[in-house]
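In: Following is a predicted model, sequence given first.
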Amino acid sequence: MANERADTRLVDSGPLSNCPFCKQTFPKPEAARRHAISCSRKPSGPKQQQQQQQQSCEKGGAQQQSQQRGSTVDHTADRVDPDRGLSLFFLLSLTDSVVNAKELIAAEPTDPNRRSVQVPSALLELPLSSDFSSSATDLWAALEGPASWSPFQMPDLVDPESPLQSFPDSLCSALEYRLNEIVLQLQFYSTIADSQQSQSQQAQQAQQTQLNPESIFTIANFSAFFSSYFHHFHRHLPVVHRPTCLPENVSPQLLLAVFLAGAIYTPSHEHSLAAAPRFLPAAEEYIFSHPIFELPPGAADSFPDYIEILQAALIVECTQFGMNDMQTIRRIRTRRHPSLVSALRSFGIFNCRHSVDRDWKSFVRTEIQLRLASWTFLMDCYLTVVFKNPPQITVSEMVGGFQSSDDLFEADDESQFANLAKKYQQDLSSSLSLKTFVTQIMGDPATDIAIQDLRPFQLLVIISALHSIAFVARASCLSTVISPTLLRASSRWKQLWSTVSAQAGDNLQYQGCSRHALELWWLLRCILEVGVVSDLKIAYLNNAATDDAGEIHEFMKVISRRIRRQTELESRGKIEAGIPSRRDDISPGESIGRKVVTAKDNPSLNPRNWSLLCRSKNIAILVFLVFTQGWAGAAESLVQAQANREFGVSNVAGNLSTAMYLFGIASGSLFAGPISESVGRNPTYLCATFIYLLFVLGSGLTPTFAGQIACRYFVGLFSSTTLAINGSSVGDQFRPVKRTFVFPVLAWANVAGPVIAPTVSGWVVANPRLHWRWTAYITLIISGTAWVTALLFLPETYLPIILEWKAKHLRAITGDGRYTSEHAEHEEIFHRLKKVLHLSAKFFATEPVLAVLGSYLVLLYSLLFTFLSGFDYIFRQTYGLSTAQTGACFASIAVGETVAMLAVPALYTWARRKTAYQHGASLLPEFRLWPAVVAGPLLPVSLFWLGWTNYRSISIWSSLFACALFGIVLISIYVSSYEYIIDSYGEHAAIALASITMARYLVAGGMVMAAHPMYEGLGVHWTMTLLGSISVGLAPMPLLFKIYGATLRRRSRYAAHLDQTVIQEDSGSVN
């Protein structure tokens, strides 16, 4: 009982001159009181035992809660890469609700050279005279401060009805006067704060109502808390200037914030645990109720102490997060923090910079503002990273300077500042801002970044800024666009960190939060690589704001466990096939072992295994698409004369309409294959055809000839994708033998469209009620119908893309980021395009097969499209036909193409016999040449026949039969050439076909321009003779390739060597 009475007397009784426990005598009563509170001989009375029991219960409850959650407070085992010693201890502990934030911060290493901060003894021991203002001069003299000081005026915010409005008579110092003033404010604002708290918080507060504020806010407690603030808390939030933070001179808001923050981090003090939780809500309400948080911009002069108010708000905001209360976090996140940011923005603090001519006082004031801007931005990024709160501060508005060195900031006086300013001159003269640094680090990799301008804290701010940008990109659905840039920026940041941390050496451990910046780098890499690439279904990866730090905590533990398991597998040598080997620069987003989705494990995904009805439907839609877009090339041929008259151009210039269409196809054919292999066949068809439709409409509406030929070029450009890759869609769905039957059908659509379209356009000309532009409108109608049909019913057929979609689906439903496909590791589209452009010209120069067959197709397409002009001479001028009748003559070529199709079933049956009816068997490429071997000699026959029977005295049917024979030759050689190249060149077939497609359309476009002069100058007879003579030289080539093709393929660098893996034609057996 004696001990209890003595303990009570320490708090409530009058002045003491000696300690009641150790009997040590002190000259001042207040000094004895301070000593008695923490005297080593002081026995543990009931109050201390109760406090120890409370702390023990709290620790036990935390341990039990940790066990229930399945987590432990010790996170040292959670490492990204043990070889490099990158630990996640700080981030995991900071986001773990069972970890006491106070203990985490207090456990940070302390600089042994750091000065201890105490309340000046003059302030504690100076009595308060009856003339308070006169004693202030003596107070400042004792503190070696200025002699001019005005006593603090009571704010008008204090409730006049408060029972505590009259001060007690026992005030013993100026500081006690300030503390009692704070008690008045807390008593008033506690009622407002209590009304905003939850029921559990109110119940907890009810248990603490017996706490006497006057027993907490004492000079003795303030001395301990003030020192603890600068010893523990200040290192992690250095926004208060220690030398000028005089307790009797700062605003009561800042004094209160320092008091409560210091109370949290004061170890083993009887009032430290009770002070902050009880009074923090009221302190928060008191500080954020200040008028500066509602001021318009430019009103800073009305409140000269606004900087101290902002300091207090930031300190209380950070302190409240240590309470781990979700309602408090929500209030800070949605109300307090936006108010603080708005106030800083109103006072222009984000634009603040050090002036050239500076003294100590102006430096301190500016430096505090710079630190407020930097640490508020860090708090904003913390809310974004941990709670997914949308950023309140953009990187672009952080144009002010960085904070200076802590040594320079904490200079005691003018002379010490002047000496240190010489050492840190670079800090004072640097013009770089956060915006500048982030722009540089995200910009050109060749741009050098000044290492000498960087310190660990600045790198902490930069990596936090990258987190903010990553969140905005993810929330704006721009992750795939911005992620490569951010990954590159994070790699550059890592290089800078390695250099700067090496320069800091052992001092890095005393840098507070800055020393943990590398953990933020790891987290950013996880978010970018795992969150974007792997598409894991983890709660943290959605963009909804939360008040629970457990989401990011769980995210980090899941990813760190996966990387740790991969490290264990690699260390034991148990690496599965396809798993990347150990690399020094292992990234956190890598999976611990791939699960490759293959067609073998998912046979139903392979389009070749779909039902015949489904595949037939797909081919029918493709035939419709190809036919309509081939139609567009010749649709305006017979109405060109009317268009020329309307535009006022010659017939030769009018041929540019068709020529530009062909040039457009030649331009786009090289790009179609790589694009379709990167995004899929279906998106390529649909997107390109939609744009094609827009330009078809434009060609029908344009009032000028320039607009006409421009639209025609783009019509060809965007139809090139459909015309170039339709054969690939056949290969996607049918094996080599069945392709013998299916590919000719699609080839028919390729060559039938350009010869049937003139038949329709001829009747448009013959109809006086239809304008020539109706040819474009008819093309738009049938092409639009085909596009809608494809949009509704045409599925994706490119197997690698389908497998990638399957892997993405498995990642989504299982949360396992290891599911992937081989397509994910294929070359990017730009690498494919580079290869196509490089090899296309090289193929023609080094591959005789491509050179000859390509020349054959060039000749055929030149003939086909010169007929668009030549039929005017062959039929209209010779036989006196009308334009409509001349257009109908084109049907003879279509008839020949259709007749050739009658041989397809027989060719397919022959192929089946050659493969012994084995399922999935392949054929030698030379088998594909049989149609060309038979039809090759018929090409010169058809041309000579057409040229030398084209007389009025000879029946028109002779010329029509010659054209039909040309149609048979056209489709036969087209099918043979394409299938032979596909089988011969394997993975290079797309490049080979793209180069041939480009060549044939490019030359055909030039021949269209030469058609009128050629027929006009040479006449029909000699024009056909010239072209027939050229075809004579090409006629035996298919037979020669049939005989020597295998030898040529063996000598080729790019051809596939299939002789040992396919069905031998002669024996009919499988090797």
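Out: Cool, the structure landed.

In: From residue 756, how far off is residue 795?
Out: Taken as C-beta to C-beta, to the nearest Å, the spacing of residue 795 relative to residue 756 amounts to 28 Å. All C-beta spots, glycine's among them, are computed from the backbone N, C-alpha and C.

In: Same check on residue 850?
Out: Applying C-beta to C-beta, the value for residue 850 to residue 756 is 30 Å.

In: neighbour count winner among the two?
Out: Taking other C-beta atoms under 10 Å, residue 850 and residue 756 do not tie; residue 850 has more neighbours (26 against 20).

In: sec struct for the more buried one, please.
Out: Per DSSP: H, G, I helix; E, B strand; the rest coil, the local secondary structure of residue 850 is helix.

In: can you give me the strands in the stretch 751-900 of the chain?
Out: Under the criterion DSSP state E, counting those that start in this stretch, the stretch 751-900 of the chain contains strands at 819-820.

In: Please apply the same query to the stretch 401-550 of the chain.
Out: Remark: no strands are assigned in the stretch 401-550 of the chain by DSSP E, counting those that start in this stretch.

In: just the helices in it please.
Out: Taking DSSP state H, counting those that start in this stretch as the criterion, the stretch 401-550 of the chain carries its helices at 406-409, 414-423, 425-429, 434-442, 456-475, 479-504, 517-525, 550-572.

In: do you know which of those helices lies nearest residue 863?
Out: Evaluated over these, closeness to residue 863 peaks at helix 479-504, with 46.9 Å, by C-beta to C-beta.

In: Buried residues in that closest one, which are they?
Out: By neighbour count, and taking 16 or more other C-beta atoms under 10 Å as the criterion, the buried residues in helix 479-504 are 479, 482-483, 486-487, 489-490, 492-494, 496-497, 500-501, 504.

In: Lowest pLDDT pick from those?
Out: For the buried residues of helix 479-504, the weakest pLDDT value sits at residue 479, with 72.

In: Am I right that that one is in contact with residue 473?
Out: Yes. Under the contact definition of C-beta atoms under 8 Å, residue 479 touches residue 473, with a separation of 5.4 Å.

In: ok now stretch 416-427, how far from the chain's centre?
Out: Mean C-alpha position of stretch 416-427 versus that of the full chain (C-alpha atoms, centre = their mean, to the nearest Å) differs by 42 Å.

In: Check stretch 892-902 too.
Out: 53 Å.

In: mean confidence for it?
Out: Within the predicted structure, the mean pLDDT of stretch 892-902 is 91.

In: now swap in stretch 265-285 and tell me
Out: This predicted structure assigns stretch 265-285 an average pLDDT of 67.

In: From residue 258, how far off is residue 222?
Out: From residue 222 across to residue 258, the span is 9 Å (C-beta to C-beta).

In: meant to ask about residue 175
Out: Using C-beta to C-beta, residue 175 is found at 13 Å from residue 258.

In: now swap in residue 405 and tell me
Out: According to C-beta to C-beta, residue 405 stands 22 Å off from residue 258.

In: who's more crowded, these two?
Out: Of the pair residue 405 and residue 258, residue 258 is the one with more neighbours under other C-beta under 10 Å, namely 25 against 17.

In: That one against residue 226, yeah?
Out: Yes. Using C-beta under 8 Å, residue 258 and residue 226 qualify as a contacting pair, with a distance of 6.4 Å.

In: From the chain's centroid, how far away is the lengthiest helix in the chain?
Out: The helix that spans the most residues within the chain, counting by DSSP state H, is helix 989-1034. Between the centre of helix 989-1034 and the centre of its chain there are 49 Å (C-alpha atoms, centre = their mean).

In: Which pLDDT value goes with residue 842?
Out: Per-residue confidence for residue 842 comes out at a pLDDT of 72.

In: Going forward, count from 11.
Out: New numbering, starting at 11: the last item is residue 852.

In: residues near it, how many?
Out: If we define neighbours as other C-beta under 10 Å, then residue 852 has 13 of them.

In: what's the spacing between it and residue 895?
Out: 47 Å.

In: repeat for residue 244
Out: Shown here: residue 244 relative to residue 895, a distance of 98 Å by C-beta to C-beta.

In: Which residue is the nearest non-sequential neighbour of residue 412?
Out: Nearest non-adjacent residue to residue 412, counting by C-beta to C-beta, 6 or more residues apart in numbering: residue 468, 5.4 Å away.

In: do the same with residue 1006
Out: If you skip the residues right next to it in sequence, residue 1006 has residue 864 as its closest partner in space, 4.4 Å away by C-beta to C-beta, 6+ apart.

In: now the helices for the stretch 661-810 of the chain?
Out: With DSSP H, counting those that start in this stretch, the ranges of helices along the stretch 661-810 of the chain come out as 661-664, 666-689, 691-711, 715-743, 746-776, 784-803, 809-824.

In: Who are the packing partners of the second one?
Out: It refers to helix 666-689. helix 622-644, helix 650-657, helix 691-711, helix 715-743, helix 839-856, helix 858-881, helix 999-1044 (3 or more C-beta pairs under 8 Å, 6 or more residues apart in numbering; DSSP states H and E).

In: for it, what is the average pLDDT?
Out: The average pLDDT for helix 666-689 rounds to 86.

In: How about residues contacting stretch 1013-1029?
Out: The set of residues that contact stretch 1013-1029 without belonging to it, under C-beta atoms under 8 Å, 6 or more residues apart in numbering, is 661-662, 665-666, 668-673, 676, 868, 871-872, 874-876, 878-880, 882-883, 1033, 1036.
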